[in-house]
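Undergrad: Model the structure of this input:
(chains A and B)
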Amino acid sequence: MRITCPNCGPRDRREFYYQGDALALDRPAEDAGLEAWDDYLHNRENPAGDTADLWFHEAGCGAWLVVERNTVTHAVHKATLAEKAKR
Amino acid sequence: MVKLIALTPCAGLLPITHGGVEVTEVRPERLMSVAPYAGQSKATSAKLKEQIGEGLSAVMCRAGAVTWFGHGTWLVAGEVALDGVAAVTDQSDAWAVVAISGAGAEDVLARLVPVDLRAGVFKKNHVAKTMLGHMAVTITRTDTATFEIMVMRAMARTLVHDLDIAMRGVAAR
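TA: Next up, the predicted model:
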């Protein structure tokens, strides 16, 4: 599996650390209420298909990435810098 | 008071030579990491140019004393003052720096590094932040058949050990 880092180009998976669903970037407002916060903290989709995850280019440039990939075909569509991801 | 003797990161480990490939220690006098504050890249670049003759280098490149050192970070070989535009940290003693040179240097690194470092794609002053064995390293091609490798100082012995084995392997072919 390879991920194309926006800084470094295509790199082997072993350079990266997996964090979890990119949903973590959509932090609710502080006063959003218990239900929204419970959902944000604990509930995740388990899609058969396209998904977006946060990966850290740990043994490379040190950038956080949003990686879009497909859990069925294992295709890695693209990676963008987390700081530039739409929120 | 006890008199302490300063040792370089690779003291007693280098130089080594096998099959025409040589590894020697590089001893930078001063290394400062430079991380421009948000929106201050241009200002940082301009100040760097005034102070050491080069601005921030392109991603994955070295220009003069300035080396790209990861996302939003550069490593500068020299003294700089960038108050107000960038976070600067003195890292002079933090890194072990070695030079590997010789016709077989590419073959040696090919055994250890997952990135293509051949001359056709990895040219002079290109920089790769990648892995050597299990260690995170910064590799720069400094000349036709010479690379500079930086690891955290605590990993100096492991770096030399891994290079030594790979050099023996290449030399034995």
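Undergrad: three-state assignment of A:Glu68?
TA: Classification of A:Glu68 by DSSP: H, G, I helix; E, B strand; the rest coil places it in strand.
Undergrad: just B:Ala46 next, same as before
TA: Here B:Ala46 is helix, with the state taken from three-state DSSP.
Undergrad: Same check on the one 4 residues further on?
TA: Under the three-state scheme (three-state DSSP), the conformation of B:Glu50 reads as helix.
Undergrad: Might you report the residue contacts of B:Thr8?
TA: B:25, B:27 (Cβ atoms under 8 Å, 6 or more residues apart in numbering or on different chains). The way it works is simple: take the backbone N, C-alpha and C, and place the C-beta from them, glycine included.
Undergrad: So what does it look like in phi/psi?
TA: In terms of degrees, to the nearest 10, the main-chain angles of B:Thr8 are phi -80, psi 160.
Undergrad: For it, give its distance to B:Cys61.
TA: 27 Å (Cβ to Cβ, to the nearest Å).
Undergrad: which bits of chain A sit near chain B?
TA: A:7-9, A:11-12, A:14-15, A:57-63, A:81 (Cβ under 8 Å from any Cβ of the partner chain).
Undergrad: give me that answer again for 6 Å
TA: A:7, A:12, A:59-63 (Cβ under 6 Å from any Cβ of the partner chain).
Undergrad: And these, which of them are buried?
TA: Buried subset of these (neighbour count, 16 or more other Cβ atoms under 10 Å in any protein chain shown): A:7, A:59-63.
Undergrad: which pair in those residues spans the largest distance?
TA: A:Asn7 and A:Ala59 (13.0 Å; Cβ to Cβ).
Undergrad: quick one: the helices in chain B?
TA: Listed in chain order, the helices found in chain B under DSSP state H are B:41-52, B:105-110, B:156-172.
Undergrad: Format those as a markdown table; extra columns: distance to A:Ala75, mean pLDDT and mean neighbour count.
TA: Compiled in a markdown table, those are given as follows (distance: least, Cβ to Cβ, whole Å; pLDDT from 0 to 100; neighbours: other Cβ atoms under 10 Å in any protein chain shown):
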| stretch | distance to A:Ala75 | mean pLDDT | mean neighbour count |
| --- | --- | --- | --- |
| helix B:41-52 | 34 | 96 | 17 |
| helix B:105-110 | 28 | 97 | 22 |
| helix B:156-172 | 34 | 98 | 18 |
